[in-house]
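Engineer: predicted model, plus sequence, below.
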Amino acid sequence: MAKKNPSISREIVGIKLPARMKIDSLKTSIRRAFINTIVPEVRPTAAQEAAWRAQLGIAPLAVDGLGCVYCGRPATQLDHFRNLTAADGRPSGYITDIYNLVPCCSTCNSSKAGKHWKIWMTSNAANAPNKRLSATELADRVAVLDRFEVWSTPLATRLDVLALIGVSEWEQYEADVAAVVVLLQAARQRSDRFHLLLQQAYAEALVPAAQPIPTAVSPTGLH
């Protein structure tokens, strides 16, 4: 079996190194950010929050102990249950309101990304609940979210973003995003060149300079 070349291995002591970011991999995040930043945020009333908690089975007094609705781990954030970005890359129209938010952990939030919640939960995607929960627990959590979806869909705000902003204005906004992406691609080429240059400089710095061979000296006082 061929051994891995240690110079290109992405592991140290058997553990993966932190991933080296690639600038153009941010393109999707940039496009989503341009949509996320325009979405309204609406704080719920006490009655709305109480109804939301009841639908998700969250105790009325639970504040610090919220669990992730997808896997049960401690929740660290609220996730947009329905994507803010549609399949065509334009706004879905959903906003940040209580009817489009569920508590989740960072692992699930990262794994789910822009996928539909049920397709993702039952998939074999990395860190998807299907790979981490028993079949019974997965089915129970899907059932809760099915009920939440039925309850919240008619209540969730959905705006006709293009009609409100205007198609021409939106297309200019998309042109701004495209310009940013072009700059990212140019920066990616520079970053790759800089990475290779610094990697090579480091490797060369590790090469020891030629050292003279020490001359043997006879111990004094011994004959």
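Structural biologist: Now that the structure is in, tell me what you want to look at.

Engineer: give the helix, strand or coil label for the closest residue to His116 other than its chain neighbours.
Structural biologist: Excluding the flanking residues, the one nearest His116 by C-beta to C-beta, 6 or more residues apart in numbering is Asn83, at 7.7 Å. C-beta coordinates here come from the backbone N, C-alpha and C atoms, glycine included. Assigned with DSSP: H, G, I helix; E, B strand; the rest coil, Asn83 falls in the coil class.

Engineer: how deep is Arg32 tucked in, by neighbour count?
Structural biologist: In terms of burial, Arg32 registers 16 neighbours under the definition other C-beta atoms under 10 Å.

Engineer: that's a strand at Leu198, yeah?
Structural biologist: No: the assignment for Leu198, made by three-state DSSP, is helix rather than a strand.

Engineer: what number of residues lie near it?
Structural biologist: The tally of other residues near Leu198 (other C-beta under 10 Å) stands at 10.

Engineer: so what pLDDT did it get?
Structural biologist: Here, the pLDDT recorded for Leu198 equals 91.

Engineer: next one: the one 5 residues further on
Structural biologist: With respect to pLDDT, Ala203 has a value of 85.

Engineer: quick check: next helix or strand after the helix-or-strand element of the chain with minimal mean pLDDT?
Structural biologist: Of the helices and strands making up the chain, the lowest-confidence element is strand 11-12, at a mean of 66, by mean pLDDT, DSSP states H and E. Following strand 11-12 in sequence order, the next helix or strand is strand 15-16 (DSSP states H and E).

Engineer: ok, then the element right after that following strand?
Structural biologist: In the C-terminal direction, the helix or strand that comes right after strand 15-16 (DSSP H and E) is helix 27-36.

Engineer: buried stuff in that following helix?
Structural biologist: Neighbour-count burial for helix 27-36 flags Arg31, Arg32, Phe34, Ile35 (criterion: 16 or more other C-beta atoms under 10 Å).

Engineer: enumerate every residue touching the third one.
Structural biologist: For Phe34, the contact set (C-beta atoms under 8 Å, 6 or more residues apart in numbering) comprises Tyr173, Asp176, Val177.

Engineer: on that earlier part again, closest to His195 among the buried residues of helix 27-36?
Structural biologist: Proximity of the buried residues of helix 27-36 to His195 (C-beta to C-beta) peaks at Arg31, which lies at 24.7 Å.

Engineer: so who does the closest one touch?
Structural biologist: Applying C-beta under 8 Å, 6+ apart, we find Arg31 in contact with Thr85, Gly89, Val177, Val181.

Engineer: can I get the residues you listed in TSV including pLDDT, secondary structure and neighbour count?
Structural biologist: TSV is the format used below for those (pLDDT from 0 to 100; DSSP: H, G, I helix; E, B strand; the rest coil; neighbours: other C-beta atoms under 10 Å):
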residue	pLDDT	secondary structure	neighbour count
Thr85	93	strand	19
Gly89	88	coil	13
Val177	91	helix	16
Val181	88	helix	16
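
Engineer: mind putting those in CSV, distance to Leu164 included?
Structural biologist: As requested, those are exported to CSV (distance: C-beta to C-beta, whole Å):
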residue, distance to Leu164
Thr85, 17
Gly89, 18
Val177, 18
Val181, 25
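
Engineer: and those residues, which two are furthest apart?
Structural biologist: Spanning the widest gap among the contacts of Arg31 are Thr85 and Val181, at 15.0 Å by C-beta to C-beta.
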